[in-house]
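# make a model of this:
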Amino acid sequence: MTDSKQDSLNEVKISEFTRSLRTLLQEIMFLQMGSLRSRGITIPKFFLMKFLYYHGKRKTSEISELLGISLPAVSEILNSMESEKLIFRTHDETDRRVVVVELSSEGKVLVLNLENHNQCLIEQALKSMPIENFEVAINFLGKLTLFLHDSVELKIKKQGE
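Numbering: from 1, shown residues only. A predicted model of the protein is given here:
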């Protein structure tokens with residue numbers, strides 16, 4: 001097979017995979033929405049909390065850029081989260097004009113509780129799948145997660161330059 005044919009085949013497979021992954025994530029989100037609503041957590045708040053939990057404290061501008069929402073929208077979400085004691089904001093030590101956002105201990109506990117609840121929902125849904133499918137999936141998804149986490153960190157680093 002020529003390189004151009006192989007490249008085309010690879011592009012098709014990558015496209016099929018990303019479409020499947022996007023659909024999977026959407027279905028997982030649909031499963032989670034009920035548990036979020038019952039706790040008064042919106043999808044943007046949940047994603048922001050998870051982002052801060054897994055990537056640590058961040059500047060408001062980084063959050064806006066990475067999540068693709070405007071600074072006023074981020075500020076509105078953060079105001080709500082701050083009043084609920086889910087986050088706290090501080091000024092950057094090197095530049096007082098810059099605001100840094102971090103999850104509070106209450107926010108971290110809530111993320112863990114929601115993650116545990118959501119994992120139970122997903123596990124319940126997966127119980128009918130043959131167990132032999134899981135080993136390959138676990139290895140692949142672990143590698144994919146590390147790669148994507150590094151990609152997010154690289155994107156944040158480039159935006160800060």
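# tell me what the strand or helix carrying Asn113 is packed against?
Secondary structure assignment for Asn113, by DSSP states H and E: helix 105-126. Packing partners of helix 105-126 (3 or more CB pairs under 8 Å, 6 or more residues apart in numbering; DSSP states H and E): helix 3-38, helix 43-55. Where C-beta positions appear, they are placed from N, C-alpha and C, glycine not excepted.
# what residues of the helix or strand that it is followed by count as buried?
The helix or strand immediately downstream of helix 105-126 is helix 132-160, counting by DSSP H and E. By neighbour count with 16 or more other CB atoms under 10 Å, helix 132-160 contains the buried residues Ile156.
# tell me the average confidence for helix 132-160?
Mean pLDDT, computed over helix 132-160, is 84.
# could you do stretch 106-113 as well?
94.
# quick one: contacts of it?
Contacts to stretch 106-113, defined as CB atoms under 8 Å, 6 or more residues apart in numbering, come from residues 39, 41, 49-50, 52-53, 81, 85-87, 103.
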